[in-house]
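> Predicted model follows, preceded by the sequence.
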Amino acid sequence: DAKTTQPPSMDCAEGRAANLPCNHSTISGNEYVYWYRQIHSQGPQYIIHGLKNNETNEMASLIITEDRKSSTLILPHATLRDTAVYYCIVRENYGGATNKLIFGTGTLLAVQP
Amino acid sequence: EPEVTQTPSHQVTQMGQEVILRCVPISNHLYFYWYRQILGQKVEFLVSFYNNEISEKSEIFDDQFSVERPDGSNFTLKIRSTKLEDSAMYFCASSQIPQGDTQYFGPGTRLTVL
């Protein structure tokens, strides 16, 4: 089972920031937080990942709380094309026991015009 | 930007037939995966493959399934005798290094078993 909890759906107005929360209260020290998204039935698209520091790339920012029990994915200026299911996934990195990604049900983000 | 490609995009087959789904991972990647997603359900891990052998497989990946890297570029998933419940989107993914690297997914093959 997925080790994360996300709201099933969220709305966001076009042009505004979308803030998607994720709870991962049982995360362990060597586990990273990954975010993917899936538009319609396309393949999951990697967005960003982090361990404990906040991360930013051209797609999004990832804010991880100091206790690492939750995180927020921020899309700074949401567009209609950002409408998708967003998955928060916790996994070990570099030497972990397993490499598989365990997907939950994610958050369906609907960007409204 | 390099990407994972998959063929065909849609495969229709009769129950009991064999199907082969093909994937071309990103060229310098060494670790390969198959996932599937039944309509309306979660994305599920099937198998991972490294150095010409299976590294890990799920309970879904039974004797009906096999994977192969027949040449330096392709990575295939074979289903020997398809069942109705095999109808799903099948996604190939690859990562650069053997463990723990970011996985990049292909667009998927929609398999329909009639």
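Perfect, thanks for sending it.

> List the contacts of the lowest-mean-pLDDT helix or strand in chain B.
Each helix and strand of chain B was given a mean pLDDT (mean pLDDT, DSSP states H and E); the minimum falls on strand B:53-57 at a mean of 93. Contact with strand B:53-57 is made by A:T98, A:N99, A:K100, B:Y31, B:L46, B:V47, B:S48, B:F49, B:V67, as judged by CB atoms under 8 Å, 6 or more residues apart in numbering or on different chains. Where C-beta positions appear, they are placed from N, C-alpha and C, glycine not excepted.

> which among those end up buried?
Buried subset of the contacts of strand B:53-57 (neighbour count, 16 or more other CB atoms under 10 Å in any protein chain shown): A:N99, A:K100, B:Y31, B:L46, B:V47, B:S48, B:F49, B:V67.

> Name whatever forms a beta bridge with the spatially most central residue of chain B.
Residue closest to the mean C-alpha point of chain B, counted by CA atoms, centre = their mean, is B:W34 at 3.3 Å. When bridges are called by DSSP bridges, B:W34 pairs up with B:V47, B:C92.

> Contacts only, for it.
Applying CB under 8 Å, 6+ apart to B:W34 gives the contacts B:L21, B:C23, B:L46, B:V47, B:V67, B:L77, B:Y90, B:F91, B:C92, B:A93.

> can you list those in TSV and add pLDDT?
Compiled in TSV, these are given as follows (pLDDT from 0 to 100):
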residue	pLDDT
B:L21	98
B:C23	97
B:L46	97
B:V47	97
B:V67	97
B:L77	98
B:Y90	98
B:F91	98
B:C92	98
B:A93	97
